[in-house]
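Colleague: attaching a predicted model along with its sequence, questions to come.
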Amino acid sequence: MFDQVKDSYAELGVDVEKALEVMASTPISLHCWQGDDVGGFEGGDGELGSGLAVTGNFPGKARSIAELQTDLEKVLSLLPGNHRLNLHAIYGDFGGEKVDRDEIEVKHFQGWIDWCKAQGIGMDFNPSCFSHPKADDGFTLSSPDAGTRDFWIEHCKRSRAIGAEMGKQLGSPCVTNIWVPDGLKDLPADRLGFRKNLSRSLDTVLSEKLDPSHNIDAVECKLFGIGSESYVVGSHEFYMGYAMKNQTALCLDAGHFHPTEGIADKISSVLLYVPELLLHVSRGVRWDSDHVVLFDDQTQAIMQELVRCDALSRTHIGLDFFDASINRIGAWVIGTRAAQKSLLLALLEPSEKMHAAEQAGDFTTRLMLHEVNKAMPWSVVWNEFCARNNTPSDWQAMSAIKDYEASVLSGRS
Ligand code: RNT
Ligand code: ZN
């Protein structure tokens, strides 16, 4: 069956084996925060703040680093290909001590680095500028208060240094992504002032040059959040300008724009001006709700653009969703597989023929190719990819998830 399918793709000029090679060498960065509803391990009440919201109370969330690692091992075993771990600073191993955000060090993350090394995977990192008393008034790096700014600057500086160490030890650059929740619920009097503060703070954070083979800096914009409906300091224009000027990577989160605005169409524009992209593949439902990513039009369009722009080597694909209303392992597996399937579909597009038709002004052929492509048996190739990686098909993965729920998750109260 697979060989037949390969032949039909070859008729359209598509090299299936090449697509599978690209699949095998394109990691997805698994966000640790799906495993425990963005709680982290700082101790304390772990209450989520700064406009982040998780709904649901499905049993079995990870309560410790050990549990989170066990869960991630399960997830990795159910995913074809080699992936990465995307860790937030609040997930450090603080050994029961109170370690404030401006005190984090490599030693708090050495256990995670060792774990990633054992798994043979790379790591990405994020300063956590939320869920903290110094973020309660809605401002961090752009705060009008110099002491507050300095606190978060120190946290972000330390995060970059930790990211660089992760990249160095694991032999693969760590993308350290800065997102801050800063914004206002109601109408600001001075939009510019906060933005000047954010820009200066970022300059200070990024002032130390780090080896790009160890650390890559990224910045993440947002349109609005809960509690920052009227104004977000780090808007798209702000960070697009900042990333272009300073040649950092730009993070595009699929949920951070107007609900009818997709990020796919932005990729070809921003890649002309920024060196690299970080994607937070997510699914907003009516708002930035961080639903589990699906194999839907939006996700397919994103991956199509990455392939059509030949941008995979300059793009870091990460996920950003957190759903506590379903099995969290299932959420990770469904979302990551959806991103991977979308990528595969994009790689199997008859792009040479489409391109040639477009260049020749033959838009009828181009349109027909779109339709022909939709009827192609891509799922056979997906199942082949899963089989070659000794991982189950989607439906088989479901029984493994159910088994894990019965044997592990249900024992956690
Ligand atoms: C928030 C941003 C950010 C966070 C994570 C936890 O709107 O999307 O990326 O979701 O860093
Ligand atoms: Zn995000």
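Modeller: The structure has been received and is ready for your questions. Numbering: from 1, shown residues only. Ligands and ions are numbered 1, 2, ... in the order given.

Colleague: every contact and neighbour count from this point should use C-alpha atoms.
Modeller: Noted.

Colleague: who's in contact with the residue nearest to residue 229 when sequence neighbours are not counted?
Modeller: Among residues not flanking residue 229 along the chain, residue 185 sits closest, at 5.1 Å (C-alpha to C-alpha, 6 or more residues apart in numbering). Counting by C-alpha atoms under 8 Å, 6 or more residues apart in numbering, residue 185 touches 226-231.

Colleague: rerun that using 6 Å as the cut-off
Modeller: Taking C-alpha atoms under 6 Å, 6 or more residues apart in numbering as the criterion, residue 185 is in contact with 227-230.

Colleague: which of those residues tops the neighbour count?
Modeller: Compared across these, residue 228 has the highest neighbour count, 21 neighbours, by other C-alpha atoms under 10 Å.

Colleague: pretty sure that residue sits against residue 183.
Modeller: Yes. Contact status for residue 228 versus residue 183: in contact at 4.8 Å, counting by C-alpha atoms under 6 Å.

Colleague: residues near the nearest residue to residue 178 once chain neighbours are set aside, how many?
Modeller: Distances taken as C-alpha to C-alpha, 6+ apart put residue 219 closest to residue 178, at 4.9 Å, once the chain neighbours are dropped. Using other C-alpha under 10 Å, the number of residues around residue 219 comes to 22.

Colleague: now residue 116
Modeller: With other C-alpha under 10 Å as criterion, residue 116 counts 19.

Colleague: just checking, residue 354 touches residue 366?
Modeller: Yes. Look at residue 354 against residue 366 with C-alpha under 6 Å: they come within range, at 5.1 Å.

Colleague: find the nearest non-adjacent residue to residue 131, please.
Modeller: residue 49 (4.3 Å).

Colleague: which SS class is that neighbour?
Modeller: coil (DSSP: H, G, I helix; E, B strand; the rest coil).

Colleague: looking at it, it is touching residue 132, isn't it?
Modeller: No. Contact between residue 49 and residue 132 fails when scored by C-alpha under 6 Å: they sit 7.4 Å apart.

Colleague: show me where the stretch 151-300 of the chain dips below the pLDDT cut-off.
Modeller: Along the stretch 151-300 of the chain, the model assigns pLDDT under 70 to no residue.

Colleague: quick one: the strands in it?
Modeller: Assigned strands in the stretch 151-300 of the chain, in chain order: 174-178, 183-184, 215-220, 231-232, 249-253, 277-281, 283-285, 287-291 (criterion: DSSP state E, counting those that start in this stretch).

Colleague: now tell me what touches the fifth one from outside.
Modeller: Read that as strand 249-253. So strand 249-253 is contacted by 217-220, 243, 276-280 (C-alpha under 6 Å, 6+ apart).

Colleague: and the residue nearest to residue 131, how far is that from residue 233?
Modeller: 17 Å (C-alpha to C-alpha, to the nearest Å).

Colleague: between those two, who's got more neighbours?
Modeller: Counted by other C-alpha under 10 Å, residue 49 and residue 233 do not tie: residue 233 has more neighbours, with 29 against 19.

Colleague: look up how far residue 179 lies from residue 150.
Modeller: Remark: distance between residue 150 and residue 179 (C-alpha to C-alpha) = 16 Å.

Colleague: same question, residue 143
Modeller: Applying C-alpha to C-alpha, the value for residue 143 to residue 179 is 14 Å.

Colleague: neighbour-wise, which of the two wins?
Modeller: Between residue 143 and residue 179, residue 143 has the larger neighbour count (other C-alpha under 10 Å), namely 24 against 19.

Colleague: not counting its neighbours along the chain, what's nearest that one?
Modeller: residue 149 (5.7 Å).

Colleague: now do the SS call for the one you found.
Modeller: When classified by three-state DSSP, residue 149 comes out as helix.

Colleague: check contacts around it.
Modeller: Going by C-alpha under 6 Å, 6+ apart, residue 149 touches 140-141, 143.

Colleague: what helix or strand does the most centrally placed residue in the chain sit in?
Modeller: With distances taken as C-alpha atoms, centre = their mean, residue 318 lies nearest the centre of the chain, 2.4 Å away. Assigned by DSSP states H and E, residue 318 belongs to strand 315-319.

Colleague: can you check residue 364 too?
Modeller: Assessed by DSSP H and E, residue 364 sits inside helix 363-374.

Colleague: buried ones in that helix?
Modeller: By 16 or more other C-alpha atoms under 10 Å, the buried positions in helix 363-374 come out as 365-366, 369, 373.

Colleague: helix or strand right after it?
Modeller: Using DSSP H and E, the helix or strand that follows helix 363-374 in sequence is helix 378-388.

Colleague: return that following helix as PDB; C-alpha atoms alone will do.
Modeller: The C-alpha trace of helix 378-388 is given here as PDB (Å, rounded to 0.1, in the frame of the first residue of the first chain):
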ATOM      1  CA  TRP A 378      -1.400  11.400   3.000                       C
ATOM      2  CA  SER A 379      -2.500   9.400   6.000                       C
ATOM      3  CA  VAL A 380      -0.900   6.300   4.600                       C
ATOM      4  CA  VAL A 381       2.400   8.200   4.700                       C
ATOM      5  CA  TRP A 382       1.700   9.400   8.300                       C
ATOM      6  CA  ASN A 383       1.100   5.800   9.400                       C
ATOM      7  CA  GLU A 384       4.300   4.700   7.700                       C
ATOM      8  CA  PHE A 385       6.200   7.500   9.600                       C
ATOM      9  CA  CYS A 386       4.700   6.300  12.900                       C
ATOM     10  CA  ALA A 387       5.600   2.700  12.100                       C
ATOM     11  CA  ARG A 388       9.200   3.500  11.100                       C
END
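
Colleague: quick one: mean pLDDT for that helix?
Modeller: Averaging pLDDT along helix 378-388 gives 98.
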